[in-house]
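1. below are the sequence and a predicted model; questions follow.
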Amino acid sequence: MGGDKAPAEIVAGAVEASKDHGIPVILVGRPEDLAGLDTGGLEILPASEVIAMGDDGARAVRVKKDSSLVRAAEAVRDGNASAMVSAGNTGATSASALLRMGRLPGVGRPAVATPIPVPGSTPTLLLDAGANAECQAAWLAQFARMGSAVSTARWGIESPKVGLLSIGEEPAKGTSLTKEVFGLLSQDSTIEFIGNVEGRDILSDSVDVVVTDGFTGNVALKTLEGALRFMVSQVFSALTVTPEASAISGPVLELLAPLAEALDPETTGGALLLGVDGVCVIGHGSSSSRAIVNALRVGHEMALAGMPARIAAAIDAGPRETA
């Protein structure tokens, strides 16, 4: 029921994922609101309430106990579903997953892990991308191990390169928090820590996992999204600005199409909430049916990979002082 284009695009994506990709899907929401849509015969789990995009996430989860987000999280908790996917209120999605599924043993705080597309390479996983505005050093050390586990499970990277986002590569650069985290990650033998990285490294193949606090991560994420959208729009505008440009635009557009596809955030399928006892995929609020298909594929793949168990093992394998 959540998302700027809900419920039509959400349902359309769910039906496509089921029919074309063989992913079993349960729709959660108000049956009467879905009556005029082609649900493809998918099972509908009734939920009478809806958490709006503008609602306070944590409060809404506690008050609206029969909301679609809460019922979806409970379905995972009770074993009736293997993952929950939502394009609705991000805070409420995170809160429902945390409060209903629970936190994995030893996890200080869950984190949002967002894949950043890198053309010609595997995506860079950025976390935390917004769950925790203020962080402790031990939490970021755990984010590194959780991100490394996801990078291995999702993209098959045997030893993901983990970087700490800072304002310079030198260990002495950054805030007191980043300096403390640098020390913890340097001593963690369970990950391949390559040191500090800068914002320009996120879109490169020099790092696989970038760790930071949720405030910095969300600012970096939104900046990258805005810059990429601007760049793509300017390139395509330039190809039609004059008759001469339009005349050669065809071959050029064909060459640029794969790049535009790689940079399209709808292809990544959404972010993962790591650290909860279940799989939770958070889609963009403006998700189309195509984005929902990809988000469901991510949820399906992470459930099959046993992602929560992998995260728990990664946390358990780390230094005791960061647990």
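-> Cool, got the structure. Numbers count the residues shown, from 1 in each chain.

2. which residues are in contact with the nearest residue to residue 195 once chain neighbours are set aside?
-> Leaving aside its sequence neighbours, residue 195 sits nearest to residue 169 (CB to CB, 6 or more residues apart in numbering; 6.3 Å). In this view, the C-beta of every residue, glycine as well, is placed from N, C-alpha and C. Neighbour list for residue 169: 195, 196, 197, 198 [criterion: CB atoms under 8 Å, 6 or more residues apart in numbering].

3. how about 7 Å then?
-> Each residue near residue 169 by CB atoms under 7 Å, 6 or more residues apart in numbering is listed here: 195, 196, 198.

4. tell me which of those residues fall in strands.
-> Using DSSP state E, the subset of those located in strands is 195, 196.

5. now pLDDT and distance to residue 220 too, for the contacts of residue 169, in JSON lines please.
-> Converted to JSON lines, these look like this (pLDDT from 0 to 100; distance: CB to CB, whole Å):
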{"residue": "195", "pLDDT": "96", "distance to residue 220": "18"}
{"residue": "196", "pLDDT": "96", "distance to residue 220": "14"}
{"residue": "198", "pLDDT": "95", "distance to residue 220": "10"}
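
6. filter the contacts of residue 169 down to the buried ones.
-> Buried by 16 or more other CB atoms under 10 Å: 195, 196, out of the contacts of residue 169.

7. how is this protein carved up into domains?
-> The chain resolves into domains spanning 1-107+275-300, 119-267 when parsed by automatic domain parsing.

8. now the end-to-end length of the shortest one.
-> Which is domain 1-107+275-300. With CA to CA, to the nearest Å applied, domain 1-107+275-300 spans 20 Å between its terminal residues.

9. so that it lines up with my notes, have the first residue be 56 from now on.
-> I'll keep to 56 as the first residue from here, and by that count the last item is domain 56-162+330-355.

10. can you give me the helices in this protein?
-> Under the criterion DSSP state H, helices of the chain are mapped to 63-76, 112-118, 123-132, 145-151, 192-210, 231-241, 269-293, 298-318, 344-359, 362-372.

11. out of the ones you listed, nearest to residue 102?
-> Taking CB to CB, helix 123-132 is the member of these nearest to residue 102, at 4.2 Å.

12. starting at the chain centroid, how far to the closest one?
-> With CA atoms, centre = their mean, to the nearest Å as the basis, helix 123-132 stands 18 Å off its chain's centre.

13. quick one: contacts for residue 176?
-> Contact analysis of residue 176 by CB under 7 Å, 6+ apart lists residue 260.

14. at 10 Å what do you get?
-> Applying CB atoms under 10 Å, 6 or more residues apart in numbering to residue 176 gives the contacts 210, 258, 259, 260, 261, 263, 317.

15. equivalent analysis for residue 167, please.
-> 145, 148-149, 181-187, 198, 269, 272-273, 276, 325-330, 335, 337.

16. quickly list what it is bridged to.
-> For residue 167, the residues forming beta bridges with it (DSSP bridges) are residue 328.

17. quick one on the thing from earlier: for the contacts of residue 176, pick the one with the most neighbours.
-> Within these, residue 263 tops the neighbour count with 25 neighbours, counted by other CB atoms under 10 Å.

18. re the thing from before, for the residue nearest to residue 250, phi and psi?
-> Dihedral pair for residue 224: phi -80, psi -20, per degrees, to the nearest 10.

19. TSV please, covering the contacts of residue 224 and showing distance to residue 64.
-> Shown next, in TSV, are the contacts of residue 224 (distance: CB to CB, whole Å):
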residue	distance to residue 64
250	42
251	40
253	36
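
20. between the contacts of residue 224, which sits nearest residue 304?
-> Of the contacts of residue 224, the one sitting nearest to residue 304 (CB to CB) turns out to be residue 253, at 34.8 Å.

21. pull the contacting residues for the nearest residue to residue 162 once chain neighbours are set aside.
-> In this structure, residue 162 finds its nearest non-sequential neighbour in residue 330, 4.1 Å apart by CB to CB, 6+ apart. By CB under 10 Å, 6+ apart, the contact set of residue 330 is 152-153, 158-159, 161-168, 182-183, 186, 194, 197-198, 201, 363, 366-367, 370.

22. for residue 194, same thing?
-> Per CB under 10 Å, 6+ apart, neighbours of residue 194: 162-166, 183, 186-187, 236, 266, 268-269, 330, 377.

23. what do you get if the cut-off is 6 Å, keeping everything else the same?
-> By CB atoms under 6 Å, 6 or more residues apart in numbering, the residues touching residue 194 are 163, 164.

24. and what of the one 4 residues further on?
-> Residue 198 makes contacts with 166, 182, 183, 266, as judged by CB under 6 Å, 6+ apart.

25. ok, of these, which come out buried?
-> With burial judged by 16+ other CB under 10 Å, the buried subset of those is 166, 182, 183, 266.

26. list the contacts for the last one?
-> Residue 266 is in contact with 195, 198, 199, 219, counting by CB under 6 Å, 6+ apart.
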